[in-house]
Every structure is written in C-alpha cells, then in structure tokens.
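**Q** Pasted the sequence and its predicted model underneath.
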Amino acid sequence: MKEKIYVDKLKYEKDFIAKGCTLIAGVDEVGRGPLAGPVVCCSVIMPLDEDKIIEGVDDSKKISEKKRIALAEKIKETAISYAIYQIEPDKIDEINILEAVKLCMVSAVESLSVKPDALMIDGNDIHLDLSKITSLKEHAYIVKGDANSYTIGCASIVAKVYRDKLMEDYAKTYPVYGFDKHKGYGTKAHIDAVKENGPCIIHRKTFIKNFWAE
C-alpha cells in the first residue's frame, strides 16, 4: 500500500505571515484548454485562523461535483474578499490564451474589494504584471498551487464551479454541442458536433481551426 504524503497546505501562507503579511490572496484560472467558453479566474483572501479553515479544500479537479458546489458556497461565505473575472472567447482569439489568462488573473486580483498585501499565483509558466496592484508587498508563483496551497485551492474551486454553471447555462441556449457534459473541452462528441453544425458564438475560433475553416 502506497504511503500517503502529507502536504501542509498552509506552508506558503505561513511563509508570508512570517514576513509580516496579513491579507494573503490566491488566484487561479479554469478553462485554459477548452474549445468554447470563457477563461475564468478567481482571486480570494481567506481568513487563516485555525477555527475558520474549511476542511476538504483541494485541487478542484480532485473533488466530486457535489462536494465542489458545497465547498464553493462555504468558501464564498467565509472569504474576507473574493472576485471572479472572465475573458470571453472573442478576446481570447484576439490576444491569445496565454495573454488572456494573464489579463484574467490580474483583473481578478484588482477586483478584490479588500486589497491584499501578498499574492500566490497558481503555476510558474506565466509572469504577471502586478505593478498596478500597489498594495502588494510579496508574491509567489506556486507549481500545482491548487493542490499545495489552501488559498489557491479555494480560488480553484470557486472558479471551476462558476465556469461549470456557465457552460451548463450555455447548453440550454446551444443544445447541439453538449456543453453541460464536456464544459467546452475537445471531446470527440464536441468536435463532431462542431463539424456537423459549425461553431457557435462562444467557440474560440483559433482553437477549432485545425478541423473547422469558415
């Protein structure tokens, strides 16, 4: 039996607290890879008192849908501040997905009603221009941050639940694509639906050019 490795999900938060930071935000994105729908980012500042830590927070992809939805509500109720921001498909096509993720992340942090003095960013493949967020004293890029940081995990759960609901709503408007099932990702059924029906307004034209030409 493989031994379970313990991960201190508050390690990075504790490091920032030791540097004198008190309002520590985490930011994460969901929807970088789909063929359709927006990219969504959530930024959140959570209370870190022991009695206010929410049990079960992890990488949103590792949690069942039912548990994710319940956790997302609890996170939003408990948060000191949270903000959700989305970049639409036409903008993704215009500036490319990497720039869209950067814009979305920075905008989510800027939208917080309480200004953070530290920021944790999921991943290390992007570098954000944080110069306009003057409240920040510290920031860090964290590999697999949604699994390794409590605060980023909270952000990932809220972002995923928000985007999944959005795609389920789009499925009612554009039922032929099955957005409620694959959430816009490139499944065979989704690609076949685009080939048969053509794209709709929420498809990312630059993501479907390999199998669809206008």
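**A** Sure, I can see it.
**Q** Next, the buried residues of the longest helix that the chain contains.
**A** Ranked by residue count and defined by DSSP state H, the top helix of the chain is helix 150-173. Under the neighbour-count criterion of 16 or more other CB atoms under 10 Å, helix 150-173 has 150-164, 166-167, 170-171 buried. The way it works is simple: take the backbone N, C-alpha and C, and place the C-beta from them, glycine included.
**Q** And stretch 78-88, by the same measure?
**A** Those would be Ala79, Ile80, Ser81, Tyr82, Ala83, Ile84, Tyr85, Gln86, Ile87, for stretch 78-88 by 16+ other CB under 10 Å.
**Q** Save the residues you listed as CSV, and put in pLDDT, secondary structure and distance to Glu138 too.
**A** Shown next, in CSV, are those (pLDDT from 0 to 100; DSSP: H, G, I helix; E, B strand; the rest coil; distance: CB to CB, whole Å):
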residue, pLDDT, secondary structure, distance to Glu138
Ala79, 98, coil, 20
Ile80, 98, coil, 17
Ser81, 98, strand, 18
Tyr82, 98, strand, 20
Ala83, 98, strand, 19
Ile84, 98, strand, 24
Tyr85, 98, strand, 22
Gln86, 98, strand, 27
Ile87, 98, strand, 26
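**Q** So in terms of bridging, what pairs with the residue most central in space within the chain?
**A** With distances taken as CA atoms, centre = their mean, Glu29 lies nearest the centre of the chain, 2.5 Å away. Glu29 forms beta bridges with Cys41, as assigned by DSSP bridges.
**Q** Can you get me a residue count around Asn197?
**A** 11 (other CB atoms under 10 Å).
**Q** for the protein, what spans make up the strands?
**A** Under the criterion DSSP state E, the chain carries strands at the ranges 24-30, 39-45, 81-87, 118-122, 138-142.
**Q** Between the ones you listed, which one is closest to Glu13.
**A** strand 24-30 (5.4 Å; CB to CB).
**Q** Keeping just the C-alphas, turn that closest one into PDB.
**A** Extracted C-alpha coordinates of strand 24-30, given in PDB (Å, rounded to 0.1, in the frame of the first residue of the first chain):
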ATOM      1  CA  ILE A  24      -2.900  36.900   1.500                       C
ATOM      2  CA  ALA A  25      -4.700  36.300  -1.700                       C
ATOM      3  CA  GLY A  26      -4.600  33.300  -4.000                       C
ATOM      4  CA  VAL A  27      -5.600  33.400  -7.700                       C
ATOM      5  CA  ASP A  28      -6.300  30.500 -10.100                       C
ATOM      6  CA  GLU A  29      -7.800  30.000 -13.600                       C
ATOM      7  CA  VAL A  30     -10.000  27.500 -15.100                       C
END
